[in-house]
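# got a sequence here, can you model it:
(one chain, ligands or ions: 1)
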Amino acid sequence: MTPAAPIHIVGGGLAGLTLGLLLRQRQIPVTLWEAGAYPRHRVCGEFLSGHGQRVLGPLGLLEECEAAGAQWARTALFANEHRTSPPRPLPQPALCVSRHALDALLARAFVERGGELQTRQRRESIPVEPGWVQATGRQPQAQVGGWRWFGFKAHAEQVLLDADLELHVSRNAYVGLCRIEGGRVNVCGLFRRQVGEAPSADRTAETALRGVPGSPLHQRLATATFVPESVCAVAGLDLRPRSLQTETRWLLGDAAGMIPPFTGNGMSLALESAEWSTEPLTRFARGTCSWEQARRDYATHSDSRTRHRLRWAGFLQRLLFLPAAPALLLTLSRPEPIWRRLFALTRGG
Ligand SMILES: Cc1cc2nc3c(=O)[nH]c(=O)nc-3n(C[C@H](O)[C@H](O)[C@H](O)COP(=O)(O)OP(=O)(O)OC[C@H]3O[C@@H](n4cnc5c(N)ncnc54)[C@H](O)[C@@H]3O)c2cc1C
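Okay, here's the model as predicted:
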């Protein structure tokens, strides 16, 4: 039998590592370049909801996450700057695990299965040629539609939550809180600032994440201590939906497009896009299909699975940032059928 052609993956986040693992399961030679090293903290709500959980199961990683202390979220509540909704059951449990733990577990499993992992290797140029896949995360945009979008995250100790997931919405920001391993709570927020508006001098990641004094978020974090090494930031976020049809590169995860984070579906999309890439890449590596055909098959499948999800998530995110949104959100999320339907629409049914 002719040996399989090697696949090169640039970017060792969830999408790249998962693809590497899935290809190694099929005995495809894989080299993966990652700019950083493991374990490391990343800006992420660390709330994994949607079909992506199904990808981790067969890889044996759900059990590993649980053994590492990951928590299952079963309830959620919403809050604005003035009031809090009662906790309600999530239509589907979500896995809450730090990226510090999850990415390291994936990296270890990839190496154990014979993948070649090159850490601290930032590829300055990524070949656009057969066998090269790009999972480098978001494509930075300094501003989108007159706004600069950025994120902060920190792990906090001594926080008691009223629901497994709390989503606190305020003017130009939302912050999610969920329990992760080690009795800690992940505090992660998406923020926006108008282009031309000066960043406030006394606003650090920590003050931004703690919210407006007097708000339910601020009260919830009153006793919290933030773990210094977990504090991180990301800027240049572009949350507009994209299509892969016009692409010449093989892009997956956030590199293919970011879903608004309030959905808790970005990690899932990264895992799902790795799964959708596996079969066409295997055909290419085994020589039964051209690179172009494999890439087109993946792009078509990916677009059909993400189009509606990204549109709905974008629409709801725009609602979230309307002045009346926090109150609207509390009302909208109350009737059970609407809540379930919105949940499904932002996760691909
Ligand atoms: C504020 C915020 C909150 C979020 N909350 C949630 C949530 O609660 N739930 C959820 O599911 N998702 C959430 N997300 C989204 C989630 O974090 C991403 O969708 C997910 O990390 C995408 O994984 P990825 O592998 O595509 O990209 P990443 O995790 O960003 O990985 C990309 C990797 O590529 C590497 N890299 C980049 N360029 C190069 C290069 N040139 N050479 C080598 N390596 C390179 C980087 O170092 C990085 O490790 C949130 C995002 C933000 C911003």
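# return the helix or strand in this protein with minimum mean pLDDT.
helix 325-332 (a mean of 69; mean pLDDT, DSSP states H and E).
# output the contacting helices and strands for the helix or strand following it.
Next along the chain after helix 325-332, taking DSSP states H and E as the criterion, comes helix 336-345. On a contact count with 3 or more CB pairs under 8 Å, 6 or more residues apart in numbering; DSSP states H and E, helix 336-345 meets strand 88-96, helix 291-320, helix 325-332. For glycine as for every other residue, the C-beta is placed from the backbone atoms N, C-alpha and C.
# out of those, flag the one nearest the ligand.
Closest to the ligand of the helices and strands packed on helix 336-345 is strand 88-96 (CB to the nearest ligand atom; 8.2 Å).
# report the buried residues of the closest one.
Neighbour-count burial for strand 88-96, counted by 16 or more other CB atoms under 10 Å, picks out 90-91, 94-96.
# okay, and for the chain, where does confidence drop off?
201-202, 326, 329-330, 332-333, 349 (pLDDT under 70).
# enumerate the residues of it near the ligand.
Contacts of the chain with the ligand, taken as CB under 6 Å from any ligand atom, map to 10-16, 33-36, 42-48, 122-123, 135-137, 151, 176, 188, 190, 234, 237, 253-255, 261, 264-268, 270.
# for residue 160, grab the count of nearby residues.
9 (other CB atoms under 10 Å).
# what helix or strand is it located in?
Residue 160 belongs to no helix or strand, assigned by DSSP H and E.
# from the ligand, how far out is it?
20 Å (CB to the nearest ligand atom, to the nearest Å).
# next one: that residue from residue 224, what distance?
10 Å (CB to CB, to the nearest Å).
# just residue 121 next, same as before
36 Å.
# the two: which is more packed in?
Taking other CB under 10 Å, residue 121 and residue 224 do not tie; residue 224 has more neighbours (21 against 15).
# can you show me the helices along the stretch 51-200 of the chain?
Here the stretch 51-200 of the chain has its helices, by DSSP state H, counting those that start in this stretch, at 52-56, 61-67, 99-112.
# run a quick neighbour tally on the closest residue in space to residue 247 that isn't next to it in sequence.
In space, and not counting its chain neighbours, residue 247 is closest to residue 299: 6.5 Å by CB to CB, 6 or more residues apart in numbering. Taking other CB under 10 Å as the criterion, the count of residues near residue 299 is 20.
# now swap in residue 335 and tell me
Neighbour tally, residue 335, other CB under 10 Å: 10.
# look up how far the ligand lies from it.
Distance from residue 335 to the ligand, by CB to the nearest ligand atom: 24 Å.
# can you tell me, leaving aside adjacent residues, what's nearest to residue 340?
Nearest non-adjacent residue to residue 340 (CB to CB, 6+ apart): residue 91, at 4.9 Å.
# the closest residue to residue 109 other than its chain neighbours: neighbouring residues, count only.
Excluding the flanking residues, the one nearest residue 109 by CB to CB, 6+ apart is residue 21, at 5.7 Å. Neighbourhood size, residue 21 [other CB under 10 Å]: 26.
# looks to me like residue 21 is in a helix.
Yes: Residue 21: assigned to a helix according to DSSP: H, G, I helix; E, B strand; the rest coil.
# can you map out the strands along the protein?
7-10, 30-33, 47-48, 71-79, 88-96, 116-118, 132-134, 147-157, 165-170, 173-179, 185-194, 225-226, 232-235, 250-251 (DSSP state E).
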